[in-house]
Structure formats: C-alpha cells, structure tokens
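1. sequence and predicted structure are below.
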Amino acid sequence: MTQGRRSNKFVKRGEILEIRIKDYAFGGKGIGKIQNEHGEFVVFVPNTLPGQLVKAQVQKASKTFAECKLLEVLEASQNEVDMPYQEIPGAPYIKLPIELQHTYKKQSTLELFRRIGKVENIESYFDEFISSPSTFHYRNKMEYAFSAIGYDHEQKTDVDEFTLGFKKRGTWWCGDDLKKDSGLFDEELENKLSAIKAYCENTGLSPWHGPRQAGFFRFFVVRKSFKTNQLLFNLVTTSADLPKFDLKKFATFLVSLFGDRVAGLLHTTNDEVADRTIATTGKIRLVYGEDKIVEELLGLNFEISMKSFFQTNPKSAEKLYSKVLEYALERKDTIDDSIVLDLFCGTGTIGQILASKSENAQIVGVDIVESAIKDARENASRNNITGLKFFAADVGKFLRDHPAYKGKIGTVILDPARAGVAPKTLKKIIDLEAKRMVYVSCNPATQARDIEQLSLAGYVLQKFSLVDQFPHTSHVESVMLLEKEG
Ligand SMILES: C[S@@+](CC[C@H](N)C(=O)[O-])C[C@H]1O[C@@H](n2cnc3c(N)ncnc32)[C@H](O)[C@@H]1O
C-alpha cells in the first residue's frame, strides 16, 4: 500500500490514533475498535492491555483491520497497580497483577491453538498453567545498550546525551537510561548501572550513534548465575578507539562495585552496522576472571558461556523441564533402552536431565550452534552422564544425513527457536515415525502451525501445559505431548 493512501474507510497508514483497548489477543496485542457510519474496524496495538487509552501509529492497514505501533499509554487500565520499579519496554505488563497476566496468556494461547492449530475442544487437552517461581528478578541475562541519543520525557523530544539502558519504546535510535531496578534482573546490578554509565561517560569516548552508525561504546551484557550469585560481563565496543580504553581498569572498577560477585569480564569488538552483541566477524576475548558461569538445574551443573543459549529464567526452566520429563517418562518403554532424539538441544539440558532419570537410553542431541554443543559435551562429562551423543548441525541436514534413525526412535524431544520448525525439517521429523513427541515451544504461534501438520501426519495431541517463563511480557512457553496413531 502506498504511504498515506486509505485502503479502508477508517484509518490510513502513518495516522496517529487515540484508542481505548478493549480486548487482548495472543502475543500481547491489545484490540481496539473504531465505529463509524461504515461499520466496525479492528485495530491491533502490541504491548497494551484492556482498559488502557493509548496513542498509536498505524503501520499497516487492510480493509478490515490495522496493525499499529504503540507510542504512548495515555491512561492506565483500572487493573494496573503502582510498582516500585523503573518501567521498561521489555516488561509492558509489570503493573498488571500476575494472576490477570496468566488469565490473558492462557485464554489467548488456547484461542490460537483452536484457530491456527485447528484443535477442537482445546480445553479438554489442557493440563496445567505453571507459574514462574519468582515473579520478579527472575532473569539471568540482560543486554543494556549505549546510545548517543536520549529522550527528554518532559519536552517529548530526542536529545543528544550519553545513555545506558534500553531503547525507548517504539524507536531503534533513541536510548533511555536505566536509573534503577526494572524488577526483571539483578537488583544490585541495575541500581548500580548509573555508576557504570558515569564511568564510561567520564572516559570522553562516545556512545553508539544509531543513525550515524558510529561511536565506541555499544552494549553492556550481563549474565547471572542463581547458583553462585556471580555476574559475568561482556562489554561490546567498536575497535577504533579501543587503545584509548583501559579494559583492565574497567574490570577493577567492576570489582570495586560488585566485589567477588564478578566472575569475569569479556570484551567483544563489533565494527558491524547491525545492532548485535555478538558480531559475526568480531572478536570476543577474556579480560578478567573466568569466561563462563555455572548454573544448576534439577541437581545438575551447567557451565554457560556468553554465546550459548541458556534458559533465561532458570527457576522456571526447572518447572518446564520437569513437565517435559513427566510427559516423556510416562511411557518409560519409549525411553529406556531406546534412542531418544533431543532436537534443538542448546547446551543439552533436557537430554542430560532425561538421561539421569532413565535406564540405558541413548540420547542424541542436535543443535546448530557449535559452542552450545561444546558446552553440552563438557556439561555431560562434568555431570558424569554417559549414553549421550551431541552433534553440531542443522536438524534438517542431520536427519537427511542419518537415515538409519528412521523407525528406531521411541521419543523425540523438540525445542525449536521462536521461528518454529522449518516445514522441510518437520517433514523429516515426521518421517522418523517416532512413537511419541514432546514438543516444547517458546512461540505457541509457530507451534500451532506445526501441530496442524503433525496431526495431518497422524500425531494426536494428548495434552499440553503452559509455563509462564517470562512474567510481565506477552511470552508464554508451551509443552505438548503427541502420540503417533496406530
Ligand atoms: C529454545 S532453544 C532450545 C534449547 C534447549 N532445549 C534448552 O532448553 O536449553 C532453541 C535452540 O535451537 C537452535 N537452533 C535454531 N535453529 C536450528 C537449526 N536449524 N538446527 C539446529 N538447531 C537450531 C538454537 O541454537 C537454540 O539452541
């Protein structure tokens, strides 16, 4: 559609609307409605909730509905309560009581499975909604961005300033200082982030300027271990001014702030334009201490490096994994003395926990990230778990190259990334003819799509649970058990 041209009788692209949110759709999309003499028109505004009056800009408009970007919440919903935390775009629902968040998540996910997954009587398959053990301060990783453009909230305008925190909601170029605890990550770290910003600003070196694609400081990434309470830091900068910045001195400064909580400091060079903390061509090197931290899940120890995927809410991940184990171990005959595939295995957590609870299972883990597979192998040997094999490969290519697994698999565990399983890969997984599948998903929208294909291929949904891994966001994790008919 051409910018500004109307394709309907209600709104046009670029238009700024003030609209009351009436309902909640999957993925945190608030639903507003416009009525005029032509009828009713639906407007979706992400990260909003029923009762709020919001200012939003139309991004896409069709004949029947429009997708908008949230610019500002003008009036809170009557369900919102005050919180002692700094509001950040990453926690749009923090003021909503957690029970109501659960209700919205559950209802919208069930609706999605009904509509996209085409599962009738979806309620009858619902097992349980699992809450996060901690409602606040549950995250074990946070990425803070430096920016040379800030935002004056009173004047409502961009300003030139050194910021360290998160991008302002709805912009990619504007930063907002995190001045205190956001309620999501480590309280001490976030309350001291201003001191870290001041240290960096006092060097006279520049923060990243998005539109100009220039500057020295880019990101400050922190991983936390709940087991040891330690913090692992990664400072991401460009390379040109690096000789002017004393990394060792910065490490000493971090130790002066956090003492023996500091596990280590890494430095990453990223001269690429893309706003990423791990550059494809850049270097990551250890400046101080250790380059990994250890986390414990269900009694096993996992060493995690900066690059590897690791569940962001480890206490809730224990609950998620327990549910995976419960579903998988219900039919021990498809686990013990059998081959179990742990596809998209990351650092091999699920496979290792399953191996520790089964007899003689041969567990094969596959993940595309080599460093995750390296961590998986090291973790298995540290935990003295045998009978596991790990492969660094694309799942689709791995199954193509290992046709011998066909017809020999008792259970497949699937835990793909947000994009879900690629259609060709899903076909190869179906061709394995496994008796059972435990499908974990951090994006029920793609899982719903895959469920339709799996059910056409004879996999029948037995039950599913939802896990609130990310309180105060629209995200929800789902665990499904499917069994092959016949
Ligand atoms: C949600 S994580 C699952 C991690 C793991 N099950 C856990 O609980 O720690 C998804 C994983 O899929 C991997 N991945 C993404 N695309 C892939 C592909 N095409 N083939 C293999 N692994 C892939 C990612 O590297 C990531 O580790």
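-> Thanks, I have the structure now.
2. what is the burial count for the closest residue to the ligand within the chain?
-> The chain approaches the ligand most closely through G346 (2.7 Å), counting by C-beta to the nearest ligand atom. For glycine as for every other residue, the C-beta is placed from the backbone atoms N, C-alpha and C. Residues contacting G346 under the criterion other C-beta atoms under 10 Å number 23.
3. what are the ranges of the helices in the chain?
-> 98-115, 187-191, 193-202, 247-258, 314-329, 349-356, 370-382, 395-401, 423-431, 444-456 (DSSP state H).
4. hey, which of these is tucked in deepest?
-> helix 349-356 (a mean of 25; mean count of other C-beta atoms under 10 Å).
5. contacts for it?
-> When contacts are defined by C-beta atoms under 8 Å, 6 or more residues apart in numbering, helix 349-356 is touched by residues 297-300, 302, 310-311, 317, 321, 324-325, 328-329, 335, 340, 342, 345, 361, 363-365, 376, 379-380, 383, 385-388, 390, 413, 415, 440.
6. residues in contact with T171?
-> With contact taken as C-beta under 8 Å, 6+ apart, T171 is in contact with Y151.
7. check which helices and strands the helix or strand bottoming out on mean pLDDT in the chain is in contact with.
-> Between all helices and strands in the chain, the lowest mean by mean pLDDT, DSSP states H and E belongs to strand 300-305, at a mean of 85. Helices and strands touching strand 300-305, by 3 or more C-beta pairs under 8 Å, 6 or more residues apart in numbering; DSSP states H and E, are strand 292-297, helix 349-356, helix 370-382.
8. that one to helix 370-382, inter-axis angle?
-> Strand 300-305 and helix 370-382 are oriented at 150 degrees to each other (axes from the mean of the first three to the mean of the last three C-alpha atoms, to 10 degrees).
9. can you redo the helices of the chain as CSV with distance to T48 and mean pLDDT?
-> Below are those laid out as CSV (distance: least, C-beta to C-beta, whole Å; pLDDT from 0 to 100):
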stretch, distance to T48, mean pLDDT
helix 98-115, 11, 95
helix 187-191, 25, 98
helix 193-202, 27, 98
helix 247-258, 36, 98
helix 314-329, 25, 96
helix 349-356, 34, 92
helix 370-382, 35, 90
helix 395-401, 36, 97
helix 423-431, 32, 96
helix 444-456, 18, 94
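10. for those helices, give me TSV that also has distance to the ligand.
-> Converted to TSV, the helices of the chain look like this (distance: least, C-beta to the nearest ligand atom, whole Å):
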stretch	distance to the ligand
helix 98-115	17
helix 187-191	23
helix 193-202	27
helix 247-258	27
helix 314-329	7
helix 349-356	4
helix 370-382	5
helix 395-401	4
helix 423-431	7
helix 444-456	11
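11. can you list the domains in the protein?
-> 16-80, 103-134+312-484, 141-297 (automatic domain parsing).
12. tell me which of those sits most buried.
-> Among the domains of the chain, domain 103-134+312-484 has the highest mean neighbour count (mean count of other C-beta under 10 Å), at a mean of 19.
13. and that domain, how far apart are its ends?
-> 31 Å (C-alpha to C-alpha, to the nearest Å).
14. just checking, the residue of the chain closest to the ligand touches I373?
-> No: in this structure G346 lies outside contact range of I373 using C-beta atoms under 8 Å: 9.0 Å.
15. any shared contact partners between the two?
-> D367.
16. where in the chain is pLDDT low?
-> For the chain, the stretches with pLDDT under 70 are 1-7, 279.
17. 50 instead, please
-> 1-3 (pLDDT under 50).
18. need the residues of it near the ligand, please.
-> 309, 311, 344-347, 349-350, 366-369, 372, 394-395, 415-417, 442 (C-beta under 6 Å from any ligand atom).
19. thought A434 was touching V412?
-> Yes: between A434 and V412 there is a contact at 4.4 Å, judged by C-beta under 8 Å.
20. now do the shared contacts for the two.
-> L341.
21. any buried residues in the least confident helix or strand of the chain, and which?
-> 300, 302-305 (16 or more other C-beta atoms under 10 Å).
22. now the angle between helix 349-356 and that strand, please.
-> Using the same axes, to 10 degrees, strand 300-305 lies at 160 degrees relative to helix 349-356.
23. take strand 300-305, keep the C-alpha atoms, and write them as CSV.
-> In CSV, the C-alpha atoms belonging to strand 300-305 read as follows (Å, rounded to 0.1, in the frame of the first residue of the first chain):
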residue,chain,number,x,y,z
LEU,A,300,22.8,-31.0,37.5
ASN,A,301,25.5,-28.3,36.8
PHE,A,302,25.7,-26.4,33.6
GLU,A,303,28.6,-24.2,32.5
ILE,A,304,27.4,-21.4,30.3
SER,A,305,29.5,-19.2,28.1
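24. what sits against Y85?
-> If you count contacts by C-beta under 8 Å, 6+ apart, then Y85 has 91, 94, 136, 180-183 around it.
25. phi, psi of it?
-> phi -100, psi 160 (degrees, to the nearest 10).
26. nearest residue to it in space, please, no chain neighbours.
-> The shortest distance from Y85 to any non-neighbouring residue, by C-beta to C-beta, 6 or more residues apart in numbering, is to G183 (3.5 Å).
27. swap in P416?
-> F344 (4.7 Å).
28. these two touch, right, the one you found and D415?
-> Yes: here F344 reaches D415: they are 4.9 Å apart, a contact under C-beta under 8 Å.
29. need the residues touching each of those two.
-> Shared contacts of F344 and D415 (C-beta under 8 Å, 6+ apart): none.
30. need the contact list for the closest residue to C174 other than its chain neighbours.
-> Sequence neighbours aside, K168 is the residue nearest to C174 in space, at 4.2 Å (criterion: C-beta to C-beta, 6+ apart). Shown in contact with K168 (C-beta under 8 Å, 6+ apart): 89, 151, 174-176.
31. ok, now I16?
-> 55-58, 71.
32. could you rerun that using 10 Å?
-> Neighbouring residues of I16 by C-beta atoms under 10 Å, 6 or more residues apart in numbering: 55-58, 68-69, 71-72.
33. which among the residues you listed gets closest to I116?
-> Nearest to I116 out of these is C68 (C-beta to C-beta; 21.9 Å).
34. who touches the residue lying closest to the closest one once chain neighbours are set aside in this structure?
-> Nearest in space to C68, with sequence neighbours left out and distances taken as C-beta to C-beta, 6+ apart, is A56 at 3.8 Å. By C-beta under 10 Å, 6+ apart, A56 lies in contact with 15-19, 21, 30, 32, 43-46, 48, 66-73, 170.
35. does A263 touch D291 like I think?
-> Yes: in this structure, A263 is within contact of D291 by C-beta atoms under 10 Å, at 8.7 Å.
36. anything in contact with each of those two?
-> Joint contacts of A263 and D291 (C-beta under 10 Å, 6+ apart) are L232.
37. of all the helices of the chain, which one is nearest S132?
-> Once the helices of the chain are compared by C-beta to C-beta, helix 314-329 is nearest, at 4.2 Å.
38. fine by me, thanks again.
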